[in-house]
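Enquirer: Below are the sequence and a predicted model; questions follow.
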Amino acid sequence: MKTRRLYLFKQLGFGALAISAVCGRLEAAKATPMNVLFIAVDDLRPELGCYGQTHIKSPNIDALAKKGVLFERAYCQFSHCAPSRASLLSGSRPGSRKTTEDLPAYFKNNGYYCEAMGKVYHGSFSSDNHDNPAAWSVPTWYPPPQFYFSEAGIAEAKKRFTQQAKKLGIPVDEWSNHVVKGYATEAPSVADEIPRDGQIAVCAVQDLQELKSRQPFFLALGFMGTHLPFIAPKKYWDLYPAEQITFPDNRYAPHGAPDFSLIPTFELGQYSDLGDIQSNEVTAKRLVHGYYACVSYVDAQIGKVFDEVDRLGLRENTVVVLWGDNGWKLGEHHAWSKFSNYENDTRVPVVISVPGMKTAGSRTVALVELVDLYPTLCELTGLPVPANLEGTSMAPLLANPGRPWKQAVFSEMTRKVTGGSGSKSDGKGYAIRTDRYRMVLWAKQENTNQQLPKNGVQPDDIVAVELYDHGKDPGENINCANNPEYADVIRDLKEKLYAGWKLAVPDKQ
């Protein structure tokens, strides 16, 4: 084993130096490779205590940030669960599946025991889920699909299911075996262990006791509580007095943005108790309240896992990474949910903790992407980084959070776009985010799975351009693409966008 590890570090070259710099010792090459605790949280905004949002109670994630490096400006590649997770787990950007093995499969095939609980891939509770069974040593465990626990919530779910059962050809009495969406929020008086995320935490705590003898392990936990419907035990709602819930200042669409850039309510239409949320402040406040409660509930479940990691003495040999798959709008831009190219949708929390790291408690403003996590975890655990990954290892930032880094990060979004004739076509919005600007190039696209090729979008294909100056407008409220003062900026950003992610990668020296 020792000989093999030495060989791996020779292959890594810079990677071995990065691990040494991060950990402050050469013990990273010890006989037992480091474990990985990989924590995904659905629709998690960087609205947490450790991100300076003191109105949110997230003590356990905050504690992780004190033991690791917090990434202030991390971005997903597509602000929707399935494509965002597919990109991260494959190490490829949307529309490009160049890797031969997904992240957990690569670890499994390199001697790790790999296990998943909850939503890691875009899993569902049916047989037709988007998991990758080949990635895991045992089948992924999902908690039962039931959302609702109060009498009213259960009754509404049964009612909704009864209305749909005939169409689906499903017996009405089987409603509890299916995901049924009734109310958008619920505050049941139940124990933490009853809702899905509580069950995941219980199973993870039990599993860690066994995993201690199966090291090295890669344990992936997918917490779902911050995804609609917002359901958390009542005590977490009580953490946030309703009269203290506030709304964002920019409850309007960006001035000058194309009307197709936003889908104001997106998935909210699936729930029965919202009505016209755009004009009902009581309902809107309930949604914000529910989201905050769910953040604190998920945080508490994560804390139980951390406590067990510490109790078992695993922290000293386990890399911990926590990430959100996409952002979420809580009324910003007169919209809710995700599914756009804006900062609220694409910016996500990322925290990485490595045993013995010198920089624990630091934060970095470097631009990073979720697609970077695959190579990062390879480098931190001493595995060779596959050559065809489309991200950049963040290990150097863990050693030196203030060092120069990427010039830009990239995301995209599919949409029906409106051209000059007024007709709608399949299209994509290609976004580039630099230190100061966000530009979105909306273009017609016959094949919406196609990546933006270098110089591949012709002027006739572009139907709209958005430009936001974060130096003056951090809320992205004014599209200044048509302002002649920004002509050179747009020209420069288009060149960078066409050149693509490879030319935005930093020099590792």
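Expert: Received it, and whenever you're ready, just let me know what you need.

Enquirer: Tell me which residue lies nearest the centroid of the chain.
Expert: Nearest to the mean C-alpha position of the chain, by CA atoms, centre = their mean, lies Asp325 at 1.4 Å.

Enquirer: contacting residues around that residue?
Expert: When contacts are counted by CB atoms under 8 Å, 6 or more residues apart in numbering, Asp325 is found next to 40-44, 76, 81, 84-85, 88, 348, 370. C-beta coordinates here come from the backbone N, C-alpha and C atoms, glycine included.

Enquirer: Let's see that with 7 Å instead.
Expert: Counting by CB atoms under 7 Å, 6 or more residues apart in numbering, Asp325 touches 40, 42, 76, 81, 84-85.

Enquirer: do the same with Val489
Expert: Contact analysis of Val489 by CB under 7 Å, 6+ apart lists 437, 467.

Enquirer: what's the answer for Leu373, then?
Expert: So Leu373 contacts 88, 321, 323 (CB under 7 Å, 6+ apart).

Enquirer: repeat that with 8 Å
Expert: Going by CB under 8 Å, 6+ apart, Leu373 touches 88, 103, 321, 323, 350, 391, 394.

Enquirer: Does it fall in a helix, a strand, or a coil region?
Expert: For Leu373, the assignment made with DSSP: H, G, I helix; E, B strand; the rest coil gives helix.

Enquirer: Would you mind giving me the confidence score for it?
Expert: Turning to Leu373, the model gives it a pLDDT of 98.

Enquirer: Nearest residue to Ala201 in space, ignoring adjacent ones along the chain?
Expert: Of all residues not flanking Ala201 in the chain, Gln301 sits nearest, at 3.8 Å (CB to CB, 6 or more residues apart in numbering).

Enquirer: Closest to Val305 out of the contacts of Leu373?
Expert: Taking CB to CB as the measure, Val305 lies nearest Val321 of these, at 13.1 Å.

Enquirer: who's the closest one bridged to?
Expert: The partner list for Val321 in beta bridges (DSSP bridges) reads Phe38, Ile352.

Enquirer: ok, back up a step: identify those among the contacts of Leu373 that sit within helices.
Expert: Within these, residues falling in helices by DSSP state H are 88, 103.

Enquirer: could you dump the contacts of Leu373 to a markdown table with pLDDT and neighbour count?
Expert: Below are the contacts of Leu373 laid out as a markdown table (pLDDT from 0 to 100; neighbours: other CB atoms under 10 Å):
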| residue | pLDDT | neighbour count |
| --- | --- | --- |
| Leu88 | 96 | 25 |
| Leu103 | 97 | 27 |
| Val321 | 98 | 22 |
| Trp323 | 98 | 22 |
| Val350 | 98 | 27 |
| Gly391 | 96 | 23 |
| Met394 | 97 | 29 |
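
Enquirer: Could you export the contacts of Leu373 to JSON lines, including columns for distance to Pro233?
Expert: Output for the contacts of Leu373, formatted as JSON lines (distance: CB to CB, whole Å):
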{"residue": "Leu88", "distance to Pro233": "30"}
{"residue": "Leu103", "distance to Pro233": "32"}
{"residue": "Val321", "distance to Pro233": "27"}
{"residue": "Trp323", "distance to Pro233": "25"}
{"residue": "Val350", "distance to Pro233": "27"}
{"residue": "Gly391", "distance to Pro233": "37"}
{"residue": "Met394", "distance to Pro233": "35"}
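
Enquirer: May I have the phi/psi pair for Phe71?
Expert: The phi and psi values for Phe71, taken as degrees, to the nearest 10, are phi -100, psi 110.

Enquirer: pLDDT at it, what is it?
Expert: 98.

Enquirer: Which residue, neighbours along the chain excluded, lies closest to it?
Expert: Closest to Phe71 by CB to CB, 6+ apart is Val350, at 4.2 Å.

Enquirer: Quick check: the one you found vs Val321, distance?
Expert: Separation of Val350 from Val321 (CB to CB, to the nearest Å) stands at 7 Å.

Enquirer: pLDDT value on Ile366, please?
Expert: Actually, residue 366 is Ala rather than Ile. 98.

Enquirer: now do Lys212
Expert: 95.

Enquirer: Skipping adjacent residues, who's closest to it in space?
Expert: Once flanking residues are discounted, Lys212 sits nearest to Leu312: 5.3 Å by CB to CB, 6+ apart.

Enquirer: Output the below-cut-off pLDDT ranges for this structure.
Expert: Within the chain, the ranges that satisfy pLDDT under 70 run 1-31, 97-99, 123-130, 175, 446-460, 508-509.

Enquirer: So the residue nearest to Ala201 sits against Gln199, correct?
Expert: No: the pair Gln301 / Gln199 is not scored as a contact, 9.2 Å apart, by CB atoms under 8 Å.

Enquirer: The two: who's more crowded?
Expert: Gln301 (24 against 19; other CB atoms under 10 Å).

Enquirer: can you list the domains in the protein?
Expert: Residue ranges for the domains of the chain, per automatic domain parsing: 35-147+183-394, 148-181, 409-504.

Enquirer: These: which one's closest to Arg403?
Expert: Per CB to CB, nearest to Arg403 of these: domain 35-147+183-394, 7.6 Å.

Enquirer: The closest one: end-to-end distance?
Expert: Domain 35-147+183-394 has an end-to-end distance of 18 Å (criterion: CA to CA, to the nearest Å).

Enquirer: got it, and stretch 385-405?
Expert: For stretch 385-405, the first-to-last residue distance is 19 Å (CA to CA).

Enquirer: Show me how far that stretch is from its chain's centre.
Expert: 18 Å (CA atoms, centre = their mean, to the nearest Å).

Enquirer: Pull out the buried residues from that stretch.
Expert: For stretch 385-405, the neighbour count (16 or more other CB atoms under 10 Å) marks 385-386, 389-401, 405 as buried.

Enquirer: Please identify which helix or strand holds Leu221.
Expert: For Leu221, the element it lies in under DSSP states H and E is strand 217-223.

Enquirer: May I have the strands that pair with that strand, each with its orientation?
Expert: strand 35-41 (parallel), strand 113-118 (parallel).

Enquirer: Show the subsequent helix or strand relative to the first one.
Expert: Going down the chain from strand 35-41, the next helix or strand is helix 59-66, by DSSP H and E.

Enquirer: can you map out the helices along the chain?
Expert: Along the chain, the segments classed as helices by DSSP H run 2-12, 14-23, 59-66, 81-90, 103-108, 151-168, 196-211, 234-237, 281-311, 343-346, 373-381, 395-399, 487-499.

Enquirer: Now render those as TSV, adding distance to Asp249.
Expert: Shown next, in TSV, are the helices of the chain (distance: least, CB to CB, whole Å):
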stretch	distance to Asp249
helix 2-12	47
helix 14-23	39
helix 59-66	25
helix 81-90	27
helix 103-108	39
helix 151-168	33
helix 196-211	31
helix 234-237	25
helix 281-311	14
helix 343-346	13
helix 373-381	33
helix 395-399	32
helix 487-499	25
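
Enquirer: Between those helices, which one is closest to Ser189.
Expert: helix 234-237 (5.0 Å).
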